[in-house]
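> The following block contains a protein sequence and its predicted model.
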Protein chains: 2
Amino acid sequence: MPSAEQMIAVVHAYVDGFERSDPVAIAALFAENATVEDPVGTPQKRGLAEISEFYAGSMSTGAKLELLGDPRCAADYAAFPFAVKLEFGGQKTVIEVIDTFRIDDDGKIVEMRAYWGPGNMKSA
Amino acid sequence: MPSAEQMIAVVHAYVDGFERSDPVAIAALFAENATVEDPVGTPQKRGLAEISEFYAGSMSTGAKLELLGDPRCAADYAAFPFAVKLEFGGQKTVIEVIDTFRIDDDGKIVEMRAYWGPGNMKSA
């Protein structure tokens, strides 16, 4: 079981990867066969190739993340509230999101789920 | 699929149920065979009898909830950050939590998961 400290470090590395627009650094946080469901209810991306492609696309919007509270760690999960700041159709936009990461014993993310919907998007 | 508005109303009714220390009102938000995992990684409570008993116990601490951001709605899930304010061993305590609710077509919660750990508890 990863420690809370390990999981919180993964969350901060994830935020930092966006700050540096570095999809390779983000993909390196995930395990080989990890899944990403963003937003929840859409088809999962699975494996590092699909995950890298997904994050490269996300970062093409200039997206940066800002934590809106401490990560909550329970067993092998971390959940955290944050804002995504990006350009969407030429408009500066903020999306308030909650992500959950399930993290393995090696400290790699094996499952990521992102909770957000149209009601969480606002012009900035 | 429940609407975002329906799911947000359930979240507010949940907060209100704590405000009024009314475990019966809280239990009425859940479906017959719902599961509650609080915190994530502990054994699930299943069904209305176990769920009612669990909330009656929670409320015996005087716990009140305060939303710390808008609910995030995605498909049939709502996720929301909040603070629990309670008395824990005679000490006023705040716990920062993220809950996820999965909600059915009748607007009832079928799965609740609460993400929090020791690092999210603070003396108030």
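Received the coordinates, thanks.
> Quick one: name the residues of chain A near chain B.
Proximity of chain A to chain B, by Cβ under 8 Å from any Cβ of the partner chain, involves residues A:4, A:8, A:39-41, A:68-70, A:72-81, A:96-98, A:100, A:114-120. Quick note: C-beta positions are derived from backbone N, CA and C, even for glycine.
> Show me just the buried residues among those.
Of the members of the residues of chain A next to chain B, the ones counted as buried by neighbours, 16 or more other Cβ atoms under 10 Å in any protein chain shown, are A:4, A:8, A:39-40, A:69-70, A:72-81, A:96-98, A:100, A:114-117, A:120.
> now, which of these lie within strands?
Among those, the ones falling in strands (DSSP state E) are A:72-74, A:77-81, A:96-98, A:100, A:114-115.
> what would those look like in CSV with pLDDT?
Converted to CSV, those look like this (pLDDT from 0 to 100):
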residue, pLDDT
A:R72, 98
A:C73, 98
A:A74, 98
A:Y77, 98
A:A78, 98
A:A79, 99
A:F80, 99
A:P81, 98
A:E96, 98
A:V97, 98
A:I98, 99
A:T100, 98
A:A114, 98
A:Y115, 98
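> any idea which helix or strand comes after the helix ranked longest in chain A?
Longest helix of chain A, by residue count under DSSP state H: helix A:4-19. Sequence-wise, the next helix or strand downstream of helix A:4-19 (DSSP states H and E) is helix A:23-27.
> Direction included, what does the helix or strand that that following helix is followed by pair against?
As assigned by DSSP H and E, the chain's next helix or strand after helix A:23-27 is strand A:30-37. Next to strand A:30-37 in the sheet, as set by DSSP bridges, lie strand A:45-46 (antiparallel), strand A:109-115 (parallel).
> Off-centre distance for the first one?
It refers to strand A:45-46. 13 Å (Cα atoms, centre = their mean, to the nearest Å).
> Now that strand: average pLDDT?
Averaged across strand A:45-46, pLDDT comes to 98.
> okay, A:E19: pLDDT?
pLDDT for A:E19: 97.
> what residues are up against it?
A:64-65 (Cβ atoms under 8 Å, 6 or more residues apart in numbering or on different chains).
> cool, and A:Y14?
A:26, A:29, A:65, A:101 are the contacts of A:Y14 under Cβ under 8 Å, 6+ apart.
> Take the residues you listed and write them to a markdown table, including neighbour count and pLDDT.
Shown next, in a markdown table, are those (neighbours: other Cβ atoms under 10 Å in any protein chain shown; pLDDT from 0 to 100):
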| residue | neighbour count | pLDDT |
| --- | --- | --- |
| A:I26 | 23 | 97 |
| A:L29 | 21 | 98 |
| A:L65 | 20 | 98 |
| A:F101 | 25 | 98 |
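> Report the beta-bridge partners for the nearest residue to A:F18 once chain neighbours are set aside.
Of all residues beyond its chain neighbours, the one nearest A:F18 is A:L65 (4.7 Å), with distances taken as Cβ to Cβ, 6 or more residues apart in numbering or on different chains. Note on A:L65: beta-bridge partners by DSSP bridges are A:V84.
> For B:G69, see how far away A:L65 is.
Applying Cβ to Cβ, to the nearest Å, the value for A:L65 to B:G69 is 15 Å.
> Same question for A:E32.
33 Å.
> Equivalent analysis for A:R113, please.
Counting by Cβ to Cβ - A:R113 and B:G69 are separated by 17 Å.
> for A:M1, same thing?
28 Å.
> With A:F82 instead?
Applying Cβ to Cβ to A:F82 and B:G69 gives a distance of 10 Å.
> Right, I'll call it a day here.
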